[in-house]
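No sequence on hand, only this structure:
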């Protein structure tokens, strides 16, 4: 080996000389010590600055949170859980009982096959055209399903009679990780009540149909008191199911004046603004909780930033590096959260206005682009509520349209025909939240067209498309006038 590679002998000798060179060894040791001192000073300086910022920005955040708490707004998600709600007044317990009845061994995430089949049947039936051959073919199966669900309907009637409704199975302390399995069930329950109303109307029992529609309206509001936006959105969707079902019944059947008044009174009891504000305050509390979780939980931080990665699969070195990044980011997280609270405050001021007024202000704010670069989590968490406000106003429009349509039916019962204009109703009626004016009304012989101009803020002549794009017709029409 030495004969083949003679340079190795010289290299080995050179290394030996370096090792035995005491002067060089002392120089290297001195340089290493100086480097360690510089690094140590920098680490201490960073820790001092880090501590100061933690104290200053932490106190700023604490003051902001105290102000929220003093105003009665929940600060953390654990505060959203129902407190001191008497069992005798809480309809949520009965709705949970109904969910266990249709679930698989009490598991909300899985349903019996027969219940899934019935839900599909109710859905198809309520969406079919009144008087159509398709509806007539489905009628016996729907009647059979409703007969088998008589016990479930009894529970829903009792639940809907309670003055309050909060679900006890939600783990609010988990913040953004909390699950809401009851939301899909409430939609199915509302659909079943509407199906029963339509079956009773076909049988000619309009008193029963009236009771069923009122029950559907009450069940649709079961999630409105849950302090989370998805709860409000589900209640709006269920409200649409109920009002659409009511519209279908009025096409082929007539409510008496007293029956129409009963339904109108039930519609008038629905208040959207308080539940909407409550839901957004709940979202703010969940956001605060998530900030805290990510601030002190490295795994949650990694999972939020890189959703396709698993923190627990990382090597020890990578985990240590991520932990250092999270530690250094912690003071900025306080500042980030303060920015998020500021944005929530501005947004809460805007949502108090109708969509038609606030939509321009949302766009002019250019919220996301104006956020500071360090507001990383605010960019992730902060929702743009423009669309949610539009959904709220859509639900408000549906309520107003339903009340106006019932007034028109009452007018026809008294005078034999529909009025030429809404002013002939001689009563105060709702206005279109998207225009601030009366709903668009057109008498068309023995029927009428009644609609709101919708979120595109223009009259499309009563045309609408399912899931319309920005520039497509989206009028909110009583009955079916789909383009």
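Good, I have the coordinates. Everything quoted here is computed from the prediction, not taken from an experiment.

Only C-alpha atoms from now on, for both contacts and neighbour counts.
Noted.

what's the average pLDDT for stretch 358-366?
Along stretch 358-366, the predicted confidence averages to a pLDDT of 60.

again, but for stretch 447-457
Within the predicted structure, the mean pLDDT of stretch 447-457 is 90.

any chance you could map the helices in the stretch 51-200 of the chain?
For the stretch 51-200 of the chain, applying DSSP state H, counting those that start in this stretch gives helices covering 91-102, 113-127, 133-148, 150-160, 182-203.

Check the stretch 251-400 of the chain too.
Using DSSP H, counting those that start in this stretch, the helices of the stretch 251-400 of the chain run over 257-268, 272-296, 298-305, 316-351, 355-365, 367-370, 376-381, 386-415.

Now find how far off-centre the fourth one is within its chain.
Centroid separation between helix 316-351 and its chain, computed with Cα atoms, centre = their mean, to the nearest Å, is 22 Å.

That helix packs against which elements?
Other helices and strands packing on helix 316-351, by 3 or more Cα pairs under 8 Å, 6 or more residues apart in numbering; DSSP states H and E, are helix 22-70, helix 272-296, helix 298-305, helix 355-365, helix 376-381.

Among the ones you listed, show me which one is buried the most.
Mean neighbours per residue, mean count of other Cα atoms under 10 Å, is largest over those for helix 272-296, with a mean of 21.

Model confidence score at the residue nearest to residue 138 when sequence neighbours are not counted, please.
Across the structure, with Cα to Cα, 6 or more residues apart in numbering as the measure, the residue nearest residue 138 apart from its sequence neighbours is residue 125 (6.7 Å). At residue 125 the predicted local distance difference test score is 93.

how many neighbours does residue 125 have?
25 (other Cα atoms under 10 Å).

From residue 219, how far off is the residue nearest in space to the middle of the chain?
For the chain, the residue lying nearest the average C-alpha position, counting by Cα atoms, centre = their mean, turns out to be residue 230 (2.1 Å). Shown here: residue 230 relative to residue 219, a distance of 16 Å by Cα to Cα, to the nearest Å.

quick one: which helix or strand includes the residue nearest to the centre of the chain?
When elements are assigned from DSSP states H and E, residue 230 belongs to helix 229-252.

Name the residues of that helix that are buried.
Under the neighbour-count criterion of 16 or more other Cα atoms under 10 Å, helix 229-252 has 229-250 buried.

for stretch 71-84, same thing?
Of all the residues in stretch 71-84, those buried under the rule 16+ other Cα under 10 Å are 73, 74, 75, 76, 77, 78, 80, 81, 82.

How about stretch 322-339?
Residues 322-323, 326-327, 330-339 are the ones in stretch 322-339 that count as buried (16+ other Cα under 10 Å).

Lowest average confidence across the helices of the stretch 251-400 of the chain, which one?
Per-segment confidence across the helices of the stretch 251-400 of the chain bottoms out at helix 298-305, which has a mean of 58 in mean pLDDT.

what sits against the closest residue to residue 267 other than its chain neighbours?
Distance criterion Cα to Cα, 6+ apart; nearest residue to residue 267, sequence neighbours excluded, is residue 399 at 6.4 Å. Under the criterion of Cα atoms under 8 Å, 6 or more residues apart in numbering, the contact partners of residue 399 comprise 243, 267, 268.

what do you get for residue 94?
Taking Cα under 8 Å, 6+ apart as the criterion, residue 94 is in contact with 155, 156, 158, 159.

what's the burial count for the first one?
Applying other Cα under 10 Å, we find 17 residues neighbouring residue 155.

Hmm, residue 96 and it touching each other?
No. Using Cα atoms under 8 Å as the test, residue 155 is too far from residue 96 to be in contact (9.9 Å).

So which of the helices of the stretch 251-400 of the chain is nearest residue 59?
Nearest to residue 59, of all those, is helix 316-351, at 9.1 Å by Cα to Cα.

now that closest one against helix 272-296, angle please.
If you take axes from the mean of the first three to the mean of the last three Cα atoms, to 10 degrees, helix 316-351 sits at 160 degrees to helix 272-296.

give me the low-pLDDT residue ranges for the stretch 51-200 of the chain?
Across the stretch 51-200 of the chain, the ranges flagged by pLDDT under 70 are 104-113.

how does it look with 50?
104-111 (pLDDT under 50).

check contacts around residue 58.
Residue 58 makes contact with 331, 334 under the criterion Cα under 8 Å, 6+ apart.

What separation do you get for it and residue 83?
Separation of residue 58 from residue 83 (Cα to Cα): 29 Å.

now swap in residue 280 and tell me
Residue 280 sits 19 Å away from residue 83 when distances are taken as Cα to Cα.

Do you know the pLDDT at residue 312?
pLDDT recorded at residue 312 is 48.

To clarify, my last question referred to residue 7.
At residue 7, the model reports a pLDDT of 54.

and what of residue 470?
pLDDT, the model's per-residue confidence, is 59 for residue 470.

How about the one 4 residues further on?
We have a pLDDT of 82 for residue 474.

how close does the residue nearest to residue 138 get to residue 402?
Computed as Cα to Cα, the residue 125 to residue 402 distance reads 21 Å.
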